[in-house]
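In: Okay, here's the prediction I keep looking at, along with the sequence it came from:
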Amino acid sequence: MKKSLYFLLLVTSFIVKSSMLQAQPDRWQQRIKYQINVNMDVNTNRFAGTEKIDYWNNSPDTLTRIFFHLYWNAFQPNSSMDVRSRELGKTVLREPSRFGDGLDWDPRVKDRISKLTPDEIGYQNVATVKIAGVAQELKVHETILEVVLAKPIMPKSKIQLDVQFEAQVPKQIRRSGRDNAEGVRYSMSQWYPKVVEYDYQGWNANPYIAREFYGVWGDFDVNITIDKNYFVTAGGDLVNANEIGRGYETPGAKPVSPSGSTVTWKWQAYNVHDFMWAADPSYQMITRKTPNGPLLRIVFKGTDTLDARWQKVADSTALAYPIIAKTFGPYPYKTYSFVQGGDGGMEYPMATLIKSASIGTAIHEWMHSWYQMMMGTNESLYPWMDEGFTDYATSRVMAEMRGRSGFAAEGSYRSYFNLAKSGMEEPASTHSDHYNTNFAYSAAAYSKGAVFMAQLGYIVGEKVRDQILLDYYYQWRFKHPNPNDFIRIAEKRSGMELDWYKEYWINSTKTIDYAVGDINVENNKTMLSIKRIGKMPMPIDVLVTYKDGSQEMHNIPLDLMYGVKPAENDIPRTVHEPWHWTHPEYKFSISKGIQEIKSIEIDPSMRLADLNRNNNKLVIPD
Ligand SMILES: [Zn+2]
């Protein structure tokens, strides 16, 4: 099945195939295959499990140890996640209001972990890790397990690990857990001992304190044995669907009713970097088939008062798919599941856990299938490539669904401006776990990341930016791109140098502010000046409108770009000599006399993230 899926991917599109061949960067990556069996006790909320893991060390390095994530150990009083949350809660962001207490902690976490009782905590205890029957030395570092290997793993070789573990599902605090606010019994994410990604930067053994994930691409076979009254859903395909029934079966199949008290649900997912499942006795499922796209499964509690909203999620996400596919590339798996569960919205491969059944959240989480599930960026290091690109995509898709075209990221700009003026901004290149505040992390990762993409359209032109989105999809999906990889794609497609954009926007907190300067006459020519007040240089569009109603667009490229964007509209355009980034002022001539000017405006499209827009427009009174 894996081979045939891969073959299908190759033959469905020549563009996919040729661009993969041309642009496949010479970067190795590890590979993994999990076979997991778990037996859930719904009375104690505990389960025992085994994992058979095939691990391919494709790196040029000899590995003397291997790390696992044990995420649920975070849900214990005094864990790093607990203490970190309580520490962040000491920062006062604003006055308390009906929207919250104004403190910087995550409202879902707060000090709740510190109050968990022994039967409410989460844990993952690994009893043994064996290689070829030999038990390896284990060192537990809270949410990270270090396995010291008796025999090193040689470069370009494969090993098989046998893992035995037991776990207790934590009371729902963050992302995963039992008995969430809407009464879903099990939101099962971050639930199994998961091998840490090893890449060209080494092990990424980040302790779990709050933020998101990074994993090894691989295949999952997961057998879940659970009380027969439970309905199970997952980010994957149900292998024994015709045995189970419950709406999963092919038409005409005759499901067998289980003889004992439990049923085993057999799931598979191929070429993913995580596996999530959920279970509840009152789950029901509706489906929607998207045109030339996946089957959508919407799973929610049948008793739920949000019933009508889940129906709307089903209809809206199905309608959204053609919009998504044309702009961001086709969804490559057969199914996607929107599942009621968790504590807000959290993305996983082929599925999401959502609370409150909002369409915006559903689209956002699904867009993570592009910007995280397919790209697999390192979310600890580059959260803006995950949340930022996803937020940008969500705005675009939602706007188009509502019949709006063009620019669609105003909310992200507002949030970024608020961050830049707050005095709390840190560079977006900060490791996501290590920001000083949750506020600065969120605004940088989500909003500044979204503005990165929207503003790129200003620099290279909207059409070129959209081609970059598709190039990025075809050339980097399933390959863990980093910021440089994205910039190189953008440079190749636009024919511009763009490293400066990443360095200023992502690696610094420098801000943009341009102002309309002076108008005067020199040698019978009307000269206009534009002033750079902020520290970040940008190319500048200036729209001059005359009293007779005519307009002219003046484009001043930045010298660091070594290129010019194509004209974006029908307004006559003059491209001037590049502006040296070192120079605070730039002068250029316009075609008509001073008396004829009605207004002068920097970037009327508002895509330039200019922190002070009050000085961007000069209107000459009649
Ligand atoms: Zn997100």
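Out: Cool, got the structure.

In: Now do the helices in this structure.
Out: Here the chain has its helices, by DSSP state H, at 2-12, 14-23, 80-88, 241-244, 307-328, 359-367, 383, 389-401, 410-422, 438-442, 449-460, 462-476, 483-494, 499-505.

In: Buried residues of the fifth one, list them for me.
Out: Looking back up the chat, that one is helix 307-328. Neighbour-count burial for helix 307-328, counted by 16 or more other CB atoms under 10 Å, picks out 309-310, 312-314, 316-318, 320-321, 323-324, 327-328. (Glycine included, C-beta is placed from N, CA and C.)

In: Present the helices of the chain as JSON lines; the columns should include mean pLDDT.
Out: Shown next, in JSON lines, are these (pLDDT from 0 to 100):
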{"stretch": "helix 2-12", "mean pLDDT": "39"}
{"stretch": "helix 14-23", "mean pLDDT": "38"}
{"stretch": "helix 80-88", "mean pLDDT": "98"}
{"stretch": "helix 241-244", "mean pLDDT": "97"}
{"stretch": "helix 307-328", "mean pLDDT": "96"}
{"stretch": "helix 359-367", "mean pLDDT": "97"}
{"stretch": "helix 383", "mean pLDDT": "97"}
{"stretch": "helix 389-401", "mean pLDDT": "96"}
{"stretch": "helix 410-422", "mean pLDDT": "97"}
{"stretch": "helix 438-442", "mean pLDDT": "97"}
{"stretch": "helix 449-460", "mean pLDDT": "98"}
{"stretch": "helix 462-476", "mean pLDDT": "97"}
{"stretch": "helix 483-494", "mean pLDDT": "98"}
{"stretch": "helix 499-505", "mean pLDDT": "98"}
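
In: These into CSV, with extra columns for distance to residue 352?
Out: Formatted as CSV, these follow (distance: least, CB to CB, whole Å):
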stretch, distance to residue 352
helix 2-12, 22
helix 14-23, 25
helix 80-88, 22
helix 241-244, 21
helix 307-328, 10
helix 359-367, 4
helix 383, 18
helix 389-401, 11
helix 410-422, 21
helix 438-442, 19
helix 449-460, 19
helix 462-476, 20
helix 483-494, 24
helix 499-505, 29
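
In: Of those helices, flag the one that's most buried.
Out: Ranked by mean neighbour count, the helices of the chain are led by helix 383 with a mean of 26 (mean count of other CB atoms under 10 Å).

In: Run the chain-centre distance for that helix.
Out: Computed by CA atoms, centre = their mean, to the nearest Å, the separation of helix 383 from the middle of its chain amounts to 7 Å.

In: Can you give the contact residues for that helix?
Out: 211-212, 432, 441, 444-445, 449 (CB atoms under 8 Å, 6 or more residues apart in numbering).

In: Tell me the confidence at the most centrally placed residue in the chain?
Out: Centroid-nearest residue in the chain: residue 386, 2.8 Å away (criterion: CA atoms, centre = their mean). We have a pLDDT of 97 for residue 386.

In: ok, now residue 572?
Out: If you check residue 572, the pLDDT there is 97.

In: tell me the phi and psi of it?
Out: Backbone torsions for residue 572, taken as degrees, to the nearest 10, come to phi -50, psi 130.

In: residues in contact with the nearest residue in space to it that is not next to it in sequence?
Out: Using CB to CB, 6 or more residues apart in numbering and skipping the chain neighbours, the partner closest in space to residue 572 is residue 552 (5.3 Å). For residue 552, the contact set (CB under 8 Å, 6+ apart) comprises 543-544, 571-574, 590-591.

In: ok, now residue 556?
Out: 530, 539-542, 576-579, 586, 588.

In: can you redo the helices of the chain as a markdown table with distance to the ion?
Out: Converted to a markdown table, the helices of the chain look like this (distance: least, CB to the ion, whole Å):
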| stretch | distance to the ion |
| --- | --- |
| helix 2-12 | 25 |
| helix 14-23 | 26 |
| helix 80-88 | 19 |
| helix 241-244 | 30 |
| helix 307-328 | 15 |
| helix 359-367 | 6 |
| helix 383 | 9 |
| helix 389-401 | 5 |
| helix 410-422 | 13 |
| helix 438-442 | 10 |
| helix 449-460 | 10 |
| helix 462-476 | 17 |
| helix 483-494 | 18 |
| helix 499-505 | 20 |
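
In: picking that back up, so which of the contacts of residue 556 sit within strands?
Out: Among these, the members falling in strands (DSSP state E) are 530, 540-542, 586, 588.

In: just these that are near the ion?
Out: Contacts with the ion are made by none of the ones in strands among the contacts of residue 556, judged by CB under 5 Å from the ion.

In: what's near enough to touch residue 137?
Out: Residues in contact with residue 137 (CB under 8 Å, 6+ apart) are 147-148, 150.

In: let's see 6 Å
Out: Each residue near residue 137 by CB atoms under 6 Å, 6 or more residues apart in numbering is listed here: residue 148.

In: partner residues bridging it?
Out: Counting by DSSP bridges, residue 137 is bridged to residue 148.

In: cool, residue 160 as well?
Out: Here residue 160, judged by DSSP bridges, has bridge partners residue 54.

In: returning to that earlier point: distance check, the residue nearest to residue 572 against residue 600.
Out: 11 Å (CB to CB, to the nearest Å).

In: hey, what's in contact with both of those two?
Out: Looking at what touches both residue 552 and residue 600 (by CB under 6 Å, 6+ apart), the common residues are residue 544.

In: Find the nearest non-adjacent residue to residue 588, please.
Out: Using CB to CB, 6+ apart and skipping the chain neighbours, the partner closest in space to residue 588 is residue 576 (4.9 Å).

In: And the one you found, what's its pLDDT?
Out: Looking at residue 576, its pLDDT is 98.

In: what's next to stretch 385-393, contact-wise?
Out: Applying CB under 6 Å, 6+ apart, the contact partners of stretch 385-393 are 328, 367-368, 371-372, 377, 379, 409, 412, 445-446, 449-450, 452-453.

In: For residue 439, give me its contacts.
Out: Taking CB under 6 Å, 6+ apart, one finds 93, 104 in contact with residue 439.

In: re earlier: out of the contacts of helix 383, grab the one that's most surrounded.
Out: residue 444 (29 neighbours; other CB atoms under 10 Å).

In: wait, what's in contact with it?
Out: For residue 444, the contact set (CB under 6 Å, 6+ apart) comprises residue 428.
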